[in-house]
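1. structure, please.
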Amino acid sequence: MNRHIGIAAVSAEGAALCYRTICAEGPATLGRHAHPEVSVHTYPLSDYMVHIDAGRWDDVGAMLLSSGEKLRAAGADFAICPDNTAHQGLDLVRARSPIPWLHIGEEVAAAAAREGFRRVLVLGTRYLMEGPVYPRALGAAGIAHEIPDAPTRERINTFTFDELVNGRFEAPARDYFVGVIRGFRDRGGDAVGLCCTEFPLLVSPADSPLPILDSTRLLARAALREATRSRDRTKERC
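-> Residues are numbered from 1 along each chain as shown. Next comes the predicted model:
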C-alpha cells in the first residue's frame, strides 16, 4: 500500500506544480491514473509573510508544524513543503514534527551530487538566497554555491512577489533570469538551482543556458519515491 503524502503549501503556484507533478508522474510507477493519496494544507501566504519579513523564522516553523499536525490528522504519513524560503523555519522545528518531512534543499543537493555538479548558482527569494538553507544543504554534499549580487537579488525578489506568486510568467522576467544564469555560466558555473518553487514555471530547461535543478519537481519526485517505498519493498519480497 502506498504511503499518504502531506503537502504543507505556502505559495499557491509552487504548491500546485508540486501536486500536479505527483499526480502526473504517479502513473509511470503505479499504473494508469494512479498516484498516492495526497492531502494539502496551507495558511494564507500573507500570514507567512508577516513573519518572514520580520525575520521570525521560529514563527514560520510553528506554522509549518501546525500544518504538519493537520496533515497527520488527515492521515498523512510524511510531509513536504514546496516552498524553499519557508525551510529556514522548518529547519528549526523539523525534529519536533508529529510526522517526518522530506527537505527540499537536501533533495536539490542530492540531485546536484548525482549529476556531478560542483558549483551551483542558487536563485530564490531574497530571504532564501541570503539565508542558510542552501549553504547548509549544498555544503554537506561538498558542493560550492554562488548567489547574485545585492541589486540582482532584489530584482529577482521583486519579480517573485509581484508576478510569479500571482501566476504571472512573462517574457521580461524570463529574459532577466536567463541573463543572470548566462553570466554565471560565463564565470564557469556548472548548474543553476531554481530554488523558488515558482521559478520552474518561468524558466524551462530549454530556456536556461545551464542545466537546471528544479527544486519543485525534485521534491515531488522524492515524495513519490517515499510514498511508494514500502510497496516496492513488498514487491521485492514476493
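2. nearest spatial neighbour of residue 221, chain-adjacent residues omitted?
-> residue 25 (6.7 Å; C-beta to C-beta, 6 or more residues apart in numbering). C-beta: built from backbone N, CA, C; applies to glycine.
3. and the gap between the one you found and residue 82?
-> Between residue 25 and residue 82 the distance is 14 Å, computed by C-beta to C-beta, to the nearest Å.
4. so which of the two has more stuff around it?
-> residue 82 (29 against 15; other C-beta atoms under 10 Å).
5. count of residues packed around residue 174?
-> When neighbours are counted by other C-beta under 10 Å, residue 174 comes out with 16.
6. helix, strand, or coil at it?
-> Under DSSP: H, G, I helix; E, B strand; the rest coil, residue 174 falls in the helix class.
7. quick one: it and residue 203 touch, right?
-> Yes: contact criterion C-beta atoms under 8 Å: residue 174 and residue 203 qualify, at 6.2 Å.
8. so residue 39 sits in a strand?
-> Yes: counting by three-state DSSP, residue 39 is found in a strand.
9. tell me the domain ranges of this structure?
-> Domain assignment of the chain by automatic domain parsing yields the ranges 5-103+217-237, 105-216.
10. how about these in JSON lines, adding mean pLDDT?
-> JSON lines is the format used below for the domains of the chain (pLDDT from 0 to 100):
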{"stretch": "domain 5-103+217-237", "mean pLDDT": "94"}
{"stretch": "domain 105-216", "mean pLDDT": "98"}
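11. list the contacts for the closest residue to residue 202 other than its chain neighbours?
-> Excluding the flanking residues, the one nearest residue 202 by C-beta to C-beta, 6+ apart is residue 169, at 4.8 Å. Residues in contact with residue 169 (C-beta atoms under 8 Å, 6 or more residues apart in numbering) are 163, 198, 201-202.
12. what do you get if the cut-off is 10 Å, keeping everything else the same?
-> 13, 159, 163, 198-199, 201-203 (C-beta atoms under 10 Å, 6 or more residues apart in numbering).
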